[in-house]
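Q: A structural model of the following input is requested.
(one chain, ligands or ions: 1)
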Amino acid sequence: MKINEVIRKAEEIAKKYNPEGLSPFPFHRIQSDNSNLNIYLSNSLEPKISGIIYFDAKDKTFNIFVNKSKPETRIQFTIAHELGHYFLHQDYIVKKEAIVDDDNSLDGNNILFRTDIYERNKLETEANNFAAILIMPTKYIRKAWDKLQSVEECAKVFNVSVSAMSIRLEKLDLI
Ligand SMILES: [Zn+2]
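A: Reported below is the predicted structural model:
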């Protein structure tokens, strides 16, 4: 998938479900509009796992489980990342039954232990780009940056980590 397609899809979803630019992102709107999608916060995932998206072949649903023990900023980013897989990678998830994301997937590090490493890394990059645009929409980031001129303050406003905000601002050539 081309980067422009990922950007277009993320912007379309952001506009549809969060036209006001609310933060944190109102994920429940996506949940209630997509009957084949369930989002759960879970206490029972292994500590190194941030999130999972799993396809249930019986009822044809996509089920997102996010590790509730992580910091709030990580939880928000993980939900957005798993939604990236949901909106962009349904065929892959159905074929493989699940995508399991540890911290490496979300921090953009290579997932070295996987055999299908090239394809999988590509999917992770796409999901991270989708997530960043979804929860840090271009229009609102520019406004916040004009006003605040501080990476830390912007990160607080959008409920994301300072490193996630830095990457987003760099990509928009604002820092
Ligand atoms: Zn992932």
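
Q: and Glu12, what are its phi and psi?
A: Main-chain torsions, Glu12, degrees, to the nearest 10: phi -60, psi -50.

Q: same deal with the one 10 residues further on?
A: Note on Leu22: its backbone torsions stand at phi -70, psi 150 [degrees, to the nearest 10].

Q: which residues are in contact with stretch 98-110?
A: 48-55, 74, 77-78, 81-82, 85, 89, 92-93, 111, 117, 121, 123-125, 127-128, 163 (C-beta atoms under 8 Å, 6 or more residues apart in numbering). Quick note: C-beta positions are derived from backbone N, CA and C, even for glycine.

Q: Would you tell me what the next helix or strand after the longest helix seen in the chain is?
A: If you go by DSSP state H, the chain has its longest helix at helix 117-135. Sequence order places helix 138-148 as the next helix or strand after helix 117-135, per DSSP states H and E.

Q: in the helix or strand just after that next one, what's buried?
A: Using DSSP H and E, the helix or strand that follows helix 138-148 towards the C-terminus is helix 151-158. Buried residues in helix 151-158, counted by 16 or more other C-beta atoms under 10 Å: Val151, Cys154, Ala155, Lys156, Val157, Phe158.

Q: any idea how far Ile99 is from the fourth one?
A: Counting by C-beta to C-beta, to the nearest Å, the gap between Lys156 and Ile99 amounts to 30 Å.

Q: Now the helix or strand encompassing His81: buried residues?
A: In the assignment (DSSP H and E), His81 maps to helix 72-88. For helix 72-88, the neighbour count (16+ other C-beta under 10 Å) marks 73-88 as buried.

Q: Show the subsequent helix or strand relative to that helix.
A: Next along from helix 72-88, by DSSP H and E: helix 90-96.

Q: Could you confirm whether any residue of that next one contacts the ion?
A: No: between helix 90-96 and the ion, judged by C-beta under 5 Å from the ion, nothing touches; the nearest distance is 10.2 Å.

Q: Let me see the contact set for Ile141.
A: Cys154, Phe158, Arg168, Leu169, Leu172, Leu174.

Q: Cheers, nothing more for now.
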